[in-house]
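Novice: fold the stuff below for me.
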Amino acid sequence: MDREELGINNIRPETVLVDLTKDDEGRTEDETVLIDLTKEEEEEEEEDEDDDDDDDDDDDDDDDDDDDDEDEEKEEVEYDPLVLENMKRDATCAICRKIFHYATGITVCEHIFCLNCIHGKITEHEWTCCPVCYAKLGPEPLKNLRLDREYENLAQFVLSKEQEDAEKEPKRAKTSHASSSSSSIRKM
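Specialist: Sure, this is the predicted structure:
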């Protein structure tokens, strides 16, 4: 399916047409999505606001108290640092070396990149092959790109764990600093 078939010839070049072929359970879907690369930051801010609103809704329901306890127990699970490191490696773009942002796969070889990274390589640098394995993408390389929800979910999980670790780190530093200063006072 191309832009002419959809009747969307007047779309700016910053907009990408992506066919989604798998849902979260791995079932195939025929769905076409337009992603405007210039509006990514605005969408992220809106999602953050929506998440804050959802948290307020949970506090109003009395029946959800049991669910909140279960969620807290799930959050308290400690992951093995080696497992988290492997997850981070798997969720890292080979082009920018950062965690995936809109994880996008090449259908020919199944390598995954950030949407902006692979789209930029193909459009700006006129690449016609995979940057990792050099598999040829054919005459219309953009048609061989697919959003990968599984890797996008993995990337979001890794980012959330990194954020949790970053929040815990200042607390640990303050605690260790306080204990070292109190022990130095005792010695005097």
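Novice: tell me how many other residues crowd Thr104.
Specialist: Taking other C-beta atoms under 10 Å as the criterion, the count of residues near Thr104 is 25. (Glycine included, C-beta is placed from N, CA and C.)
Novice: quick check: which element contains it?
Specialist: strand 103-106 (DSSP states H and E).
Novice: hmm, who's touching that strand?
Specialist: 18, 91, 111-115, 118-119, 130, 135, 137, 144-149, 151-152, 154-155 (C-beta atoms under 8 Å, 6 or more residues apart in numbering).
Novice: inside helices: which ones of the residues you listed?
Specialist: Judged by DSSP state H, the subset of the contacts of strand 103-106 located in helices is Leu115, Ile118, His119, Arg149, Tyr151, Glu152, Leu154, Ala155.
Novice: which pair of these spans the longest distance?
Specialist: His119 and Leu154 (20.2 Å; C-beta to C-beta).
Novice: state the distance from Ala155 to Cys129.
Specialist: Distance, Ala155 to Cys129, using C-beta to C-beta, to the nearest Å: 24 Å.
Novice: before we move on, the earlier item: which of the ones in helices among the contacts of strand 103-106 lies closest to Glu162?
Specialist: Taking C-beta to C-beta as the measure, Glu162 lies nearest Ala155 of the ones in helices among the contacts of strand 103-106, at 10.6 Å.
Novice: any idea of the pLDDT on the closest one?
Specialist: Note on Ala155: pLDDT of 93.
Novice: also Lys171?
Specialist: 63.
Novice: low pLDDT regions in the protein?
Specialist: 1-78, 170-188 (pLDDT under 70).
Novice: at 90 instead, please
Specialist: 1-87, 125-127, 160-188 (pLDDT under 90).
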